[in-house]
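Engineer: I'll drop the sequence and a predicted model, then ask my questions.
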Amino acid sequence: MLVELLLLLCVPVILFLLFIIEGVSGEKHVKYLNLFGSIYLIVYGVLFYLLYWLENFPEEHIVLYSAPGLGEVYGFLIDPFSAAFSSVISVVAGAIMLYSTGYMTPGNNYHPVTSGKARFYAWMYLFISSVLLFVYSSSMIQLLINFELMSLACWGLISYYGGAEATRSSYKMLIITHLGAYAGLGIAIAYLLVSTGDTSLLVLDKLTKGGKVFIVAATMWAAITKSSQFPTYSWLPDAMIAPTPTSALLHGATMIEMGPYLMARILYYVGDVHVYVSYIILLPIILSLLISTSMYPLLKDGKRLLAYSTIAEASIMYFTVSMMIYNKTIGLELFLLYFTVHAFLKSSGFLLMGIAGYVTGTHELKKIIGFIGSNGFLYNALLIVLFGLSGIPIFSLSKIYALVKMGPTLSNPVYLVTYIVVLVESLVFLIVSMKWMGKAKEATMGYHVSFPKTMYVSIILLLIFLYVYQFLCFTTMLPSIGGGF
């Protein structure tokens, strides 16, 4: 599978380099390069998983570089979990990049774009590349490198429009995640080198019980800074000043979700740990869920409402990951399903909000409800997204499936509290969302402004793939993990 994997990983890297060249040479081919990239990511993202399925889910550990005193430095871990993740990321990223060809134009009433597109696309493809490389990382050093590349790309994208607020928000994100990287992954790497002389994920099970707890705690700190959990959650709502395609990518299937993914990787390879280790994960996410729940009724900006929802959704992903301490297979299955559904729903939500901003010039809910209510496509698609994020089973199966499967853990009081907080958060989000959608339906203000067809197409593709990938999850992805990670 190495050749197939390289075809998935190399194209975003090459496009990143080509867009840097385009920025210098006059941006003559920006649109066509991005159209190629977006279509490639969608088509090959699906094809890559199908090829992996046809080869009967081979598991490979490929060491690309090792060094004396460091052990394995760079390599790939190919398995059903990483293959499924990368397929979802590729498809979602491709749809978002297709959307951006229409969004990043002079006709955008929120932020008209007449130049600097090559810079935007270069940062976006660096973002996509670093996330895909993170998914297949086989060593802690490699995880740290891609962790930092994600933050660098995110910094460039949050600050893209310029101005004091964008600059402040971008540096806030960079500093918080940078401190998380070195106070978490950096310390974990140092401990591994002293204990084992290697940084490969495969040596984690050789640690003492105390060493395993230390590694989990250190990497959890890195993970929560990356996924905007308590106490570092405030950078994410501020990052909404970035272009909407960036917000969709950041929230849907990339940096925020890589926190729970990191913990899933670590928990798998450290082996058995005491159930009390789950409290290291659960206590900050309970607080994160409570903060998001309390903020929902107060928020007046559509993107910020979705941002706090992302904080809560990432918390629930950590909840599913913590199940690995009880049962590794079930925990991985729940996390993969939840991530998959969230990726398509949340990215769709941001892209829909982007259309509203494109036409009206704002994301303030009071000012865009007229447009939302007057556009049947926007209204109905947003209903699907909001119902899905709230956990209504007919729109998504991930939340109800996860809550049912987590039932056996409820004898543990910390899990019981987390379970109740998840239910309350989902209910409050649904009530607040339906309040705004009710106002949108009642609005009589009409808009007759058109917007690029690629924006329609991207959202339709994401909503179609939402159900295609849920089907794939239950028929191939989850069974492949159950058969041996």
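Structural biologist: Cool, the structure landed.
Engineer: Next one, pLDDT for Val449 please.
Structural biologist: Residue-level confidence at Val449 comes out at 65, pLDDT.
Engineer: Near Leu289, how many residues? Count them for me, please.
Structural biologist: For Leu289, the number of neighbouring residues by other Cβ atoms under 10 Å comes to 27. Yep, even glycine has a C-beta here, placed from its N, CA and C like the rest.
Engineer: sec struct for it, please.
Structural biologist: With DSSP: H, G, I helix; E, B strand; the rest coil as the basis, the three-state label of Leu289 is helix.
Engineer: my guess is it meets Leu423, correct?
Structural biologist: No - the pair Leu289 and Leu423 fails to qualify as a contact (Cβ atoms under 8 Å) at a distance of 10.1 Å.
Engineer: Pull out the buried positions in the lowest-mean-pLDDT helix or strand in the chain.
Structural biologist: The helix or strand of the chain with the lowest confidence, counting by mean pLDDT, DSSP states H and E, is helix 478-482 at a mean of 87. Applying a neighbour-count criterion of 16 or more other Cβ atoms under 10 Å, the buried positions in helix 478-482 are Leu478, Ser480, Ile481.
Engineer: And for stretch 29-48?
Structural biologist: Buried residues in stretch 29-48, counting neighbours by 16+ other Cβ under 10 Å, are found at 30, 33-34, 37-38, 40-42, 44-48.
Engineer: Tabulate those (a markdown table), appending pLDDT and secondary structure.
Structural biologist: Output for the buried residues of stretch 29-48, formatted as a markdown table (pLDDT from 0 to 100; DSSP: H, G, I helix; E, B strand; the rest coil):
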| residue | pLDDT | secondary structure |
| --- | --- | --- |
| Val30 | 95 | helix |
| Leu33 | 96 | helix |
| Asn34 | 97 | helix |
| Gly37 | 97 | helix |
| Ser38 | 98 | helix |
| Tyr40 | 98 | helix |
| Leu41 | 98 | helix |
| Ile42 | 98 | helix |
| Tyr44 | 97 | helix |
| Gly45 | 97 | helix |
| Val46 | 97 | helix |
| Leu47 | 97 | helix |
| Phe48 | 97 | helix |
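Engineer: Just give me the closest of those residues to Ala312.
Structural biologist: Distance ranking of these against Ala312, using Cβ to Cβ, places Gly45 first at 26.7 Å.
Engineer: Just give the number of residues close to the closest residue in space to the closest one that isn't next to it in sequence.
Structural biologist: Excluding its sequence neighbours, the residue lying closest to Gly45 (Cβ to Cβ, 6 or more residues apart in numbering) is Ser90, at 2.9 Å. The burial count assigned to Ser90 is 28, neighbours taken as other Cβ under 10 Å.
Engineer: Which residue comes closest to Glu148 once chain neighbours are left out?
Structural biologist: Leaving aside its sequence neighbours, Glu148 is closest to Ala181 (5.8 Å, by Cβ to Cβ, 6+ apart).
Engineer: so who does the one you found touch?
Structural biologist: For Ala181, the contact set (Cβ atoms under 8 Å, 6 or more residues apart in numbering) comprises Leu144, Phe147, Glu148, Ser151, Ala222, Thr225, Lys226.
Engineer: quick one: contacts for Tyr52?
Structural biologist: Going by Cβ under 8 Å, 6+ apart, Tyr52 touches Met1, Glu4, Pro58, Pro80, Ala83.
Engineer: What of Ser66?
Structural biologist: The neighbourhood of Ser66, defined by Cβ under 8 Å, 6+ apart, consists of Glu72, Val73.
Engineer: Pretty sure it sits in a strand.
Structural biologist: Yes - if the criterion is three-state DSSP, then Ser66 is within a strand.
Engineer: who does it bridge with?
Structural biologist: On the basis of DSSP bridges, Ser66 takes part in beta bridges with Glu72.
Engineer: follow-up on the earlier one: what's the offset of the least confident helix or strand of the chain from the middle of its chain?
Structural biologist: The gap between the average C-alpha position of helix 478-482 and the chain average comes to 21 Å, counting by Cα atoms, centre = their mean, to the nearest Å.
Engineer: Next: stretch 164-173.
Structural biologist: When C-alpha coordinates are averaged (Cα atoms, centre = their mean), stretch 164-173 and its chain have centres 21 Å apart.
Engineer: Would you map the helices across the stretch 51-200 of the chain?
Structural biologist: 80-103, 117-135, 140-158, 164-180, 187-196 (DSSP state H, counting those that start in this stretch).
Engineer: I'd like the distance between the nearest residue to Ile189 once chain neighbours are set aside and Lys453.
Structural biologist: Once its chain neighbours are removed from consideration, Ile189 has its nearest residue in Met140; the separation is 4.8 Å (Cβ to Cβ, 6+ apart). Here the distance between Met140 and Lys453 works out to 45 Å (Cβ to Cβ, to the nearest Å).
Engineer: now swap in Met173 and tell me
Structural biologist: Following Cβ to Cβ, the distance that separates Met173 from Lys453 is 33 Å.
Engineer: re the thing from before, need the contact partners of the least confident helix or strand of the chain.
Structural biologist: Residues external to helix 478-482 that are found in contact with it (Cβ under 8 Å, 6+ apart): Trp53, Phe57, Pro80, Phe81, Ala84, Thr329, Leu332, Glu333, Leu336, Leu337.
Engineer: On the pLDDT front, check the first one for me.
Structural biologist: Here, the pLDDT recorded for Trp53 equals 95.
Engineer: shouldn't it be in contact with Thr475?
Structural biologist: No - under the contact definition of Cβ under 8 Å, Trp53 does not touch Thr475, with a separation of 9.8 Å.
Engineer: pretty sure Val414 is in contact with Pro284, am I right?
Structural biologist: No - the pair formed by Val414 and Pro284 falls short of the contact definition of Cβ under 8 Å, at 11.9 Å.
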